[in-house]
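Asker: Have a look at this fold, sequence not included:
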């Protein structure tokens, strides 16, 4: 399974949080309040491919005062980075040992577990824990369409996933190599990231389709990055460098053209990177009246 640097995840975090679709988030919160009550007491959440814990930091302030999270990732270094990032984020550390990790942030108390797992092989074990909510960020575009189908077939909990890449990119000013670079980058996005050939920009629609076939109610909305220099200079630079490296690995664009594109893009006035947020709620089983 692919790994991402803690630097990249840290730089993108504030943009991720600002880009999440408010309509989809409101739909999620309305659903949870209808099921669990307006105060959202004692919710249990599992975050897939947690990285350094960004999804928790973005969503926890909107949930109830007492929360239980399980952060799942394949990379032990990222799980360690998540622990350190959450220690920095917390207003108070209540417990920090191998068995229990509990922090207080504002008026929220969070009990957090860290789980190293290969989700290619063990996603069913994770889903069997039956949390109140499963979350993920920038994760499902890394997996194969077949894995998505199997995951969705096994899913029983509500799912809230944000920032799934949809293949739309707009850079300013335009560059002669934009089209060729994007085509090669999308092909690289669909290489094996540890789950078979990745769905890449087709992931969101594939996931929506299989969830709807299982009678999940699905809400979706755009969560595009809108980046501008100098506000997002570091992120634009890292993004352009990552794209250029991926394109070089495909061999589809001449090295000189990639170099020229990269030189222009690290100085870009701005860019928009397309993403989709999804909330999917399982069909409610009608209560059976007692005899």
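Answerer: Nice, thanks for sending it over. None of these values were measured; they are calculated from a predicted model.

Asker: Wait, residue 74 touches residue 119, no?
Answerer: Yes. Contact criterion C-beta atoms under 8 Å: residue 74 and residue 119 qualify, at 6.9 Å. To be clear about C-beta, it is placed using only N, CA and C from the backbone, and glycine gets the same treatment.

Asker: what's the closest non-adjacent residue to residue 93?
Answerer: residue 103 (5.4 Å; C-beta to C-beta, 6 or more residues apart in numbering).

Asker: who's more crowded, residue 74 and residue 119?
Answerer: residue 119 (24 against 17; other C-beta atoms under 10 Å).

Asker: Who are the contact partners of that one?
Answerer: Residue 119 sits next to 1, 48-49, 72, 74, 126, 195 when contact means C-beta atoms under 8 Å, 6 or more residues apart in numbering.

Asker: just checking, residue 161 touches residue 223?
Answerer: No. In this structure, residue 161 is not within contact of residue 223 by C-beta under 8 Å, at 10.3 Å.

Asker: any shared contact partners between these two?
Answerer: Both residue 161 and residue 223 are contacted by residue 277, under the criterion C-beta under 8 Å, 6+ apart.

Asker: First-to-last residue distance for stretch 37-49?
Answerer: 28 Å (C-alpha to C-alpha, to the nearest Å).

Asker: neighbouring contacts of that stretch?
Answerer: 29, 32-33, 36, 53, 55-56, 59, 63-74, 119, 123, 126, 129, 131-139, 142, 157.

Asker: Next, give phi and psi for residue 68.
Answerer: phi -120, psi 120 (degrees, to the nearest 10).

Asker: residues touching it, list them.
Answerer: Counting by C-beta under 8 Å, 6+ apart, residue 68 has contacts 42-45, 110-113.

Asker: Between those residues, which sits nearest residue 261?
Answerer: Nearest to residue 261, judged by C-beta to C-beta, of the contacts of residue 68 is residue 45 at 40.0 Å.

Asker: And the strand or helix carrying residue 272, what's buried?
Answerer: Using DSSP states H and E, residue 272 maps to strand 270-281. For strand 270-281, the neighbour count (16 or more other C-beta atoms under 10 Å) marks 270-271, 273-281 as buried.
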